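S.K.: Here's my sequence, what's the structure:
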Amino acid sequence: MFQRLDLRLILVVTCVLVTTADAQLFRSKRTRKTSKWAEKMFEQRRHSFGTVARAADARFAFRIRNVYRQPVRISKIKKSCGCTSASADQTLLEPGQETYLRVVFDTRKFVGKKESAITVSFNRPARAEVTLRISGYIRKDLVINPGGAQFGSIAQGEGARKLITIQYAGRSNWAIEEVVSRNPFLEASLTPLSQRGGRIDYELTIRVLPDAPTGYLRDQVWLRTNDRKRENVPVRVEAKIEPSVVVNPANLFLGVLKPGDKVTRPVVIRARQPFRVTGLEQIEGADSFRIEIPLELKAVHVIPVTFTANDIEGRLAGRFRVLTDLKEHPELEFQSYVQVSK
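M.R.: As a prediction, this is how the structure comes out:
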């Protein structure tokens with residue numbers, strides 16, 4: 001009898017131990033932070049700002065793309081140095097979506113060689129951490145004001161210019177020997193302002209040329225100095241070149257409808273001068289779209305696009321041509337689509 005009880009007790013204890021071990025192993029697998037799958041979403045995980053001036057605009061964006069079939073969520077962003085700040089444009093990425101993790105290098109409060117590790121934590125679809133490395137050298141003897149050439153929006157064909165003051169305090173024989181722009185749509189020139197001993201002031205002029213194409217312009221011009229160890233210093237340039245006529249949105253989504261539903265949403269056409277809409281043509285697509293043509297002479301036209309869903313299900317789209325009296329843009333196009341399901 002005692003042998004049977006001992007045998008049962010041994011079996012129960014063994015089962016408990018095995019179950020506990022399995023649970024601990026399962027928990028360890030779930031909480032262990034692996035990074036291989038998350039690293040595949042980053043194009044790069046390291047960036048050096050090189051040598052930058054004091055108060056310079058030093059920023060960089062790490063691209064993150066969800067390459068998986070499940071949603072990915074960023075749960076936390078940590079940094080090891082106060083010389084950097086970091087934030088993500090969005091923290092939840094559906095399959096195929098991408099975002100940017102934007103890093104700012106603080107060149108006002110810090111000088112000298114700086115390094116920072118930015119840890120990006122994920123909690124969906126599994127826990128993981130990816131470490132991004134940032135480095136740079138901030139000169140204390142060279143200051144630029146403002147920190148870069150931020151042009152904002154520029155109308156295509158107009159061009160623009162910005163002035164930046166450069167101040168150096170150090171060697172009496174120090175000089176900027178050349179300003180280099182590798183972008184064909186940017187011009188840069190340098191004018192000495194004053195020199196008193198080891199104090200030298202310059203004025204940097206940066207121009208965005210009128211023939212710059214539409215879209216975002218993000219680049220740098222380089223100050224080439226007579227320092228042999230830290231010869232080149234970048235100056236950041238940003239601008240958005242806007243066309244003389246903008247159709248927004250160029251691809252209008254009307255939503256998800258059921259048969260019998262009706263929806264109206266606007267397309268806005270904006271120009272730099274007043275104009276008339278003289279006509280509209282549907283190039284292709286479903287015949288359930290109805291569009292009203294404005295008759296007024298003005299620089300901004302709001303065009304209502306209406307769709308009435310019938311019994312046809314699926315993705316229904318239309319492509320349209322807007323006729324105007326603008327000499328440079330007599331024809332403009334936009335698309336619209338809707339999803340119909342019962």
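S.K.: if I pick the spatially most central residue of the chain, what's in contact with it?
M.R.: Compute the mean C-alpha point of the chain, and by Cα atoms, centre = their mean the closest residue is Tyr100, 5.2 Å away. Applying Cβ atoms under 8 Å, 6 or more residues apart in numbering, we find Tyr100 in contact with 61-64, 88-89. Just so you know, the C-beta spots here come from the backbone N, C-alpha and C atoms, and that holds for glycine as well.
S.K.: Is it possible to get JSON lines of those that adds pLDDT, distance to Ala286 and neighbour count?
M.R.: Shown next, in JSON lines, are the contacts of Tyr100 (pLDDT from 0 to 100; distance: Cβ to Cβ, whole Å; neighbours: other Cβ atoms under 10 Å):
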{"residue": "Ala61", "pLDDT": "96", "distance to Ala286": "39", "neighbour count": "13"}
{"residue": "Phe62", "pLDDT": "97", "distance to Ala286": "41", "neighbour count": "23"}
{"residue": "Arg63", "pLDDT": "97", "distance to Ala286": "36", "neighbour count": "12"}
{"residue": "Ile64", "pLDDT": "97", "distance to Ala286": "36", "neighbour count": "24"}
{"residue": "Ala88", "pLDDT": "97", "distance to Ala286": "38", "neighbour count": "16"}
{"residue": "Asp89", "pLDDT": "96", "distance to Ala286": "34", "neighbour count": "11"}
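S.K.: Closest one of these to Leu217?
M.R.: Proximity of these to Leu217 (Cβ to Cβ) peaks at Ala61, which lies at 15.0 Å.
S.K.: for that closest one, what are its contacts?
M.R.: When contacts are counted by Cβ under 8 Å, 6+ apart, Ala61 touches 100-103.
S.K.: tell me the contacts of Val72?
M.R.: Per Cβ under 8 Å, 6+ apart, neighbours of Val72: 41, 66, 92-93, 122, 124-125.
S.K.: residue contacts, the closest residue to Arg171 other than its chain neighbours?
M.R.: Counting by Cβ to Cβ, 6 or more residues apart in numbering, Arg171 lies nearest to Gly198, which is 5.9 Å off, once chain neighbours are set aside. Contacts here follow Cβ under 8 Å, 6+ apart; on that basis Gly198 touches 168-172, 174.
S.K.: With Ala250 instead?
M.R.: 333-335.
S.K.: And Ile241, how far from Thr205?
M.R.: Separation of Ile241 from Thr205 (Cβ to Cβ, to the nearest Å): 19 Å.
S.K.: okay, the two: which has more neighbours?
M.R.: When neighbours are counted by other Cβ atoms under 10 Å, Ile241 and Thr205 differ, and Ile241 comes out ahead with 23 against 15.
S.K.: For the more buried one, which three-state class applies?
M.R.: What DSSP: H, G, I helix; E, B strand; the rest coil gives for Ile241 is strand.
S.K.: buried sites along stretch 291-305?
M.R.: 291, 301, 303, 305 (16 or more other Cβ atoms under 10 Å).
S.K.: Could you export those to a markdown table, including columns for secondary structure and pLDDT?
M.R.: Shown next, in a markdown table, are these (DSSP: H, G, I helix; E, B strand; the rest coil; pLDDT from 0 to 100):
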| residue | secondary structure | pLDDT |
| --- | --- | --- |
| Ile291 | strand | 95 |
| His301 | strand | 96 |
| Ile303 | strand | 96 |
| Val305 | strand | 96 |
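S.K.: Identify the farthest-apart pair in those.
M.R.: Using Cβ to Cβ, the pair of the buried residues of stretch 291-305 lying farthest apart is His301 and Val305, separated by 12.6 Å.
S.K.: how many other residues sit next to the residue nearest to Asn248 when sequence neighbours are not counted?
M.R.: Spatially, and ignoring its direct neighbours in sequence, Asn248 is nearest to Val268 (5.1 Å; Cβ to Cβ, 6+ apart). Counted with other Cβ under 10 Å, residues neighbouring Val268 total 12.
S.K.: Also Pro184?
M.R.: Using other Cβ under 10 Å: Pro184 sits among 9 other residues.
S.K.: roughly how far apart are the closest residue to Asn232 other than its chain neighbours and Pro234?
M.R.: Closest residue in space to Asn232, ignoring its immediate chain neighbours: Trp222 at 5.1 Å, by Cβ to Cβ, 6+ apart. Noted for Trp222: a distance of 6 Å to Pro234, by Cβ to Cβ.
S.K.: between those two, who's got more neighbours?
M.R.: Taking other Cβ under 10 Å, Trp222 and Pro234 do not tie; Pro234 has more neighbours (20 against 16).
S.K.: check contacts around the more buried one.
M.R.: Contacts of Pro234 by Cβ under 8 Å, 6+ apart are 50, 52, 56, 220-223.
S.K.: Could I have the PyMOL command that selects the buried members from those?
M.R.: Here the buried members of the contacts of Pro234 are turned into a PyMOL selection, burial being counted by 16+ other Cβ under 10 Å:
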select buried, resi 52+56+220+221+222+223
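S.K.: Give me the subset of the contacts of Pro234 that lies in helices.
M.R.: In helices, judged by DSSP state H, none of the contacts of Pro234 are found.
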